[in-house]
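In: sequence first, predicted model second:
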Amino acid sequence: MRVAIVGCGTMGTVHTRNLARMPDVQAAGVCDQDAERAAAAAAIAGTAAYTELDELLDKERPEAVIVCLPTYLHKETVIRIAERGIHVICEKPAASTLEDARDMEAACRKHGVRLFIGHVVRFFPNYRNAAEHVKAGAIGKVRMGHFKRHGSFPRGWDLWYHDRERSGGVIMDLMIHDIDFARSVFGEVESVYARITPPSVSKLEYAQVTLKFAGGAAANLTAFWGYNGPFTTQFEIAGDDGIIRFDSNQVQSFDLKTSAETGEQAAVQVPQSPMLRDPYYDEVQHFIQCIRTGTEPLVTIDDACKAVEIALAAERSAKLGQPVALEVAPR
């Protein structure tokens with residue numbers, strides 16, 4: 001399959017490197033408005049560099065395009081690609097608004113192409129293992145969760161991260177990873193309560209969000225832009241029969257503890273390093289396989305739209321100072 005990339009920043013470079021070593025896939029050009037950045041990415045995969053998307057699409061005729069542009073450019077770019085009859089893999093979040101995300105979905109459906117949104121946390125080994133243990137009932141009925149994601153304040157193209165209208169802030173851009181994952185584990189969200197420390201001149205933005213799920217569970221999520229230490233992710237998922245913990249800073253990266261019928265606790269430690277397999281590689285390979293076979297992806301466009309909806313509800317809650325209810329479709 002011929003796959004092109006538009007946007008040659010950090011994520012575009014990661015995807016270019018992975019395409020270069022993916023079997024049965026050919027990098028079909030890269031595009032960036034910065035000619036030097038495009039050339040650097042193209043050299044990685046031995047493909048052509050472009051500064052205009054239409055020129056790339058005309059000359060390379062890719063079967064799929066990976067969109068790695070700032071969030072506020074997703075809708076326009078995805079629709080342009082879909083109108084050419086080309087499948088799209090787009091970095092998260094899907095869009096800045098739910099309406100834009102649904103417009104992207106509708107355009108891809110109209111033109112008969114697939115749209116995938118890169119919520120890559122579902123492909124990280126420790127997170128995927130945790131979800132599998134929960135699904136298998138290893139800790140019984142899940143009741144509570146706590147998710148953390150801390151990193152330095154991002155430096156984006158044209159400083160777009162600094163503009164909340166374009167980036168969506170720390171919830172839409174960073175916490176949305178854990179919003180999507182928590183929903184995949186706990187189910188539909190029925191209410192959201194959030195607090196946000198507004199970004200300051202020192203580039204600090206901290207958000208705390210509580211999600212209440214239709215099944216009765218609850219989860220607390222924190223995200224922090226401006227952390228001085230290493231990029232850190234943590235989670236804790238508690239059920240009736242045990243607890244799963246993960247801390248990216250710990251050598252023992254995955255810890256599952258369950259309660260035996262005698263009441264005694266036994267630890268089953270499953271070490272998994274995210275570096276053993278590149279989750280971004282696995283993610284794109286999975287989406288390409290879905291294109292080839294017509295199967296449903298691990299992360300659907302509905303999942304991506306729900307994540308946007310929840311993130312926007314959290315922003316509203318922070319402004320109102322009170323919980324925001326979400327409509328939950330009956331099952």
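Out: That came in fine, so what should we check first? Numbers count the residues shown, from 1 in each chain.

In: OK, contacts around the residue positioned nearest the centre of the chain?
Out: With distances taken as Cα atoms, centre = their mean, the residue of the chain nearest its centroid is His119 (2.4 Å). By Cβ atoms under 8 Å, 6 or more residues apart in numbering, the contact set of His119 is 92, 176-177, 180-181, 299, 303-304, 307. The C-beta positions use only the backbone N, C-alpha and C, and glycine is treated the same way.

In: domains in this structure, by residue range?
Out: Structural domains assigned to the chain are 2-120+280-299, 121-276+307-325, following automatic domain parsing.

In: got a markdown table for those domains, with mean pLDDT too?
Out: Below are the domains of the chain laid out as a markdown table (pLDDT from 0 to 100):
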| stretch | mean pLDDT |
| --- | --- |
| domain 2-120+280-299 | 97 |
| domain 121-276+307-325 | 84 |
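
In: quick one: Ala4 is in a helix?
Out: No - checked against DSSP: H, G, I helix; E, B strand; the rest coil, Ala4 lies outside a helix; its state is strand.

In: ok, what's across the strand from it?
Out: Val65 (DSSP bridges).

In: ok, now Leu115?
Out: Beta-bridge partners, per DSSP bridges, of Leu115: Val88.

In: would you confirm that it contacts Ala82?
Out: Yes - between Leu115 and Ala82 there is a contact under Cβ atoms under 8 Å: 7.4 Å.

In: need the overlap of contacts for the two.
Out: Joint contacts of Leu115 and Ala82 (Cβ under 8 Å, 6+ apart) are 88, 104, 108.

In: highest neighbour count among these?
Out: Counting neighbours by other Cβ atoms under 10 Å, the top entry in the shared contacts of Leu115 and Ala82 is Met104, with 28 neighbours.

In: dump the residue contacts of it.
Out: Met104 neighbours (Cβ under 8 Å, 6+ apart): 74-75, 78-79, 82, 90, 94-95, 115.

In: now go through the residues you listed and say which are in strands.
Out: Counting by DSSP state E, the contacts of Met104 place 90, 115 in strands.
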